[in-house]
Each structure stands twice: as structure tokens, then as C-alpha cells.
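Asker: sequence-free structure coming up:
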């Protein structure tokens, strides 16, 4: 382990200038990446806070929200991305929020020392060897909560078992599913329990969005879209407009840096959210270039289409957010990142391909009773799956 960690730190340090430069370039579409913040966002003034909650990015912050709320008087939150930290600070202005430093031992040792916490709760499974080693060496208990291990991650962790085995043996894995628990045991975790998926606790009735749409019908919301999906939204909108002349398609790109470019990409008149809160009657596409408003827009939809599920490289996004508002949900063929969630709610989801998406949306819009029944099915199912936060807290603070 020591030899492996030394080699990892050497290679990581040597590659750090390239990694930071690449991260800065890649993140331009996602809200930016501050190199300086990595070296200056060290904890201070957090006396009395003994629990550290780490979330990778904005999606994980949203999903871990109920856990952070329950621990907000004693918690410190960290993220890997800047936009995840910004989102956490916005939701929890009274909770200290920091981005984690580069995963080099001197930085992580200092970071953990400044935190001075007793417990680290990592949402899902984000593994930074130096950071976790620093935590263990300083007596911090590590818990992976609502732990998730994909096939890709499992293969990667297996390959680097020489580096990670001590970390896994010394940590507690509170799994989403029995399958995740079995993978964790094969990776060398000793203390493994199934608690469920925190995403079911994280969905709640959203704050209403301040937007004036009038009596437009139908409203189709595409949430967290990626490259190629906006073109599909435009094609489907064009066909639907022949049946529903007043249709409005709301497009919420996953990365708001892409929003402005979509204006020329979509067929018809488009308006950005930041340009106007009033949607003119001749607008076809309302493009949401703000952060955190997607659940509110889902709540005013007649049909919600989940982005990332029509792009094979992405693997889908959270299908639960529209369900809390009893909105019928359409999911494409690619949902590997949410396979376990979708397996629990599949009876309340309409599955579609790019080829038959127009037909599936038309079916919902032409049948009020069917649309209402699908939406209500999802809302009731969510209520049955709640309670994960309490199970996590019981295991961590028993």
C-alpha cells in the first residue's frame, strides 16, 4: 500500500499541470474550473462541526440534500467541482463548503487536519486515494453512503487493489442495492450493509419557477440534455406542432455553457431563460440557462423527457424529479447510470427510442386519463421508497 501510494502521488504530482489545464478546458461548458480555488479553499472557522460530507458535483449535491439538511449544524460539505460547491453554498448558506485539493498527500494531509472532523460520509463512491488515506491516518471514520459501484468502477478498483485495499478494508459501505453490496465485498470491504438509494429521499415538491407561459399546451420539458438530444427535441417538436400548434418545448441543457449555441441549432424561434421570464406566444423553444430550476420546470410540464438517455455516452440522468410533481416521464434506451433506480420505477415510466419518441409523446398528449395515471403512479411509488436518510443516520451514528 505504502509503495503504491508513493508511486500514485509521484505520478499524480508529475501530471498535475496537465490535469489542471485539461480540467479547466473541459469544464468551460460546465460553469468553469478555478485552479486557484484548489489550493486556497482550505477550511477555517468550523469549530464544533464533526461530520464531513463529500459529493462529486452538482447532481450528487442535489441527491444528498436530505442528508446534509439533517446534519447541517454539524456538517462540512466538500465537492470536486466548482459548480457543485456553488450549488451547495446556495442551498446551504449556513454550511461551510469547500472544493477538495489536488489529490497529493501534503495537500490532503493539511486539508484533513484543518477540517478536524470525526466522520467522512462519501455520497455514492468517489475514491481519492491520498485524501482517504489522510483521513484514515488522522482517525476519521469513512462511510460510503448510498454506495454505488458500476461495472466500470468495479473493474477499475479491482485493477488498483494494491492501492485501495487498505482504504476499503477500513471503511464502511452502506449500499444502494444488494448488487452494489456484493461488489463491495468482492473489492475487500468488510463492513457492508444495504440501506437503499438516497435519491428517493432527495426528490421533493419544487419551488415554483417565475415564468409566464400563458395557456400554452402542451409543454414538453427536456431535462439535462446533452449533445445530439437537442436536435432530437427539435425534430420531435416540429412533428408535434402539426398536431398541437400551441406546443412549447422547454430545453434544459445539462451544462449551461452550451445554452446559447442551441439557439441556432433548434428549428424555430428560441428564447433564453436569462433573456426573458415571459415566453412570447410565437416562441417554440425556451432554453433554460440557469442552474437549479429544472425541478420547477418539470412541475409545469405535461410530459418530461429525461436527458442523457438518448446519448449512449452519457448513461442518463435522474428520472425521479418529474415524478414528485406527478408528471409522466419518458426515458430513452441509455440509462446505465440510473439502472437500479429505473428498475424500481419502471412500471411508472414510458420507455422510448429516438425512432418512436414522437409516437410515445403523442400517445400521452392525446390521452388525458393515461397521462394522469402514469404521472400519479410515479408520485405514489416515490412515497413508498423513502426512508433512506434515517437508515444511513442509524448506521453512522448508532
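Answerer: Happy to help now that I have it. As the structure is a prediction and not an experimental result, all values here were calculated from the model.
Asker: Please name the residues that touch the closest residue to residue 280 other than its chain neighbours.
Answerer: Of all residues not flanking residue 280 in the chain, residue 271 sits nearest, at 7.0 Å (C-beta to C-beta, 6 or more residues apart in numbering). Using the backbone N, CA and C atoms, a C-beta is placed for each residue, glycine as well. Residue 271 makes contacts with 279-280, 283, 285-287, as judged by C-beta atoms under 8 Å, 6 or more residues apart in numbering.
Asker: of the residues you listed, buried ones?
Answerer: Listed as buried from the contacts of residue 271 are 279, 283, 285-287; burial here means 16 or more other C-beta atoms under 10 Å.
Asker: isn't there a strand covering the residue nearest to residue 280?
Answerer: Yes - counting by DSSP: H, G, I helix; E, B strand; the rest coil, one finds residue 271 located in a strand.
Asker: related to what we said a few turns ago, tell me which of the contacts of residue 271 fall in strands.
Answerer: Among the contacts of residue 271, the residues falling in strands (DSSP state E) are 285-287.
Asker: Now tabulate the residues you listed in a markdown table and tack on distance to residue 67.
Answerer: Shown next, in a markdown table, are the ones in strands among the contacts of residue 271 (distance: C-beta to C-beta, whole Å):
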| residue | distance to residue 67 |
| --- | --- |
| 285 | 36 |
| 286 | 33 |
| 287 | 32 |
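Asker: Quick check: buried residues in stretch 344-360?
Answerer: Result for stretch 344-360 [16+ other C-beta under 10 Å]: buried residues 344-345, 348-350, 352, 357-358, 360.
Asker: From start to finish, how long is it in a straight line?
Answerer: 21 Å (C-alpha to C-alpha, to the nearest Å).
Asker: Pull the distance from it to the chain's centre.
Answerer: Taking C-alpha atoms, centre = their mean, to the nearest Å, the mean C-alpha location of stretch 344-360 is offset from the chain mean by 21 Å.
Asker: now swap in stretch 251-258 and tell me
Answerer: Worked out by C-alpha atoms, centre = their mean, stretch 251-258 lies 14 Å from the chain centre.
Asker: and if you look at stretch 242-252?
Answerer: In this view, stretch 242-252 has its centroid 27 Å away from the chain centroid, taken as C-alpha atoms, centre = their mean.
Asker: Over to stretch 156-163?
Answerer: 25 Å.
Asker: again with stretch 90-109
Answerer: Worked out by C-alpha atoms, centre = their mean, stretch 90-109 lies 18 Å from the chain centre.
Asker: Buried ones in that stretch, by neighbour count?
Answerer: Buried residues in stretch 90-109, counted by 16+ other C-beta under 10 Å: 91-92, 95-105, 107-109.
Asker: Number of residues surrounding residue 300?
Answerer: With neighbours defined by other C-beta atoms under 10 Å, the count for residue 300 comes to 18.
Asker: try residue 44
Answerer: 8.
Asker: Test my guess that it contacts residue 114.
Answerer: Yes - checked against C-beta atoms under 8 Å, the pair residue 44 and residue 114 is within contact range at 6.9 Å.
Asker: where does the chain have low pLDDT?
Answerer: In the predicted model, the chain carries pLDDT under 70 at residues 1, 22-35, 45.
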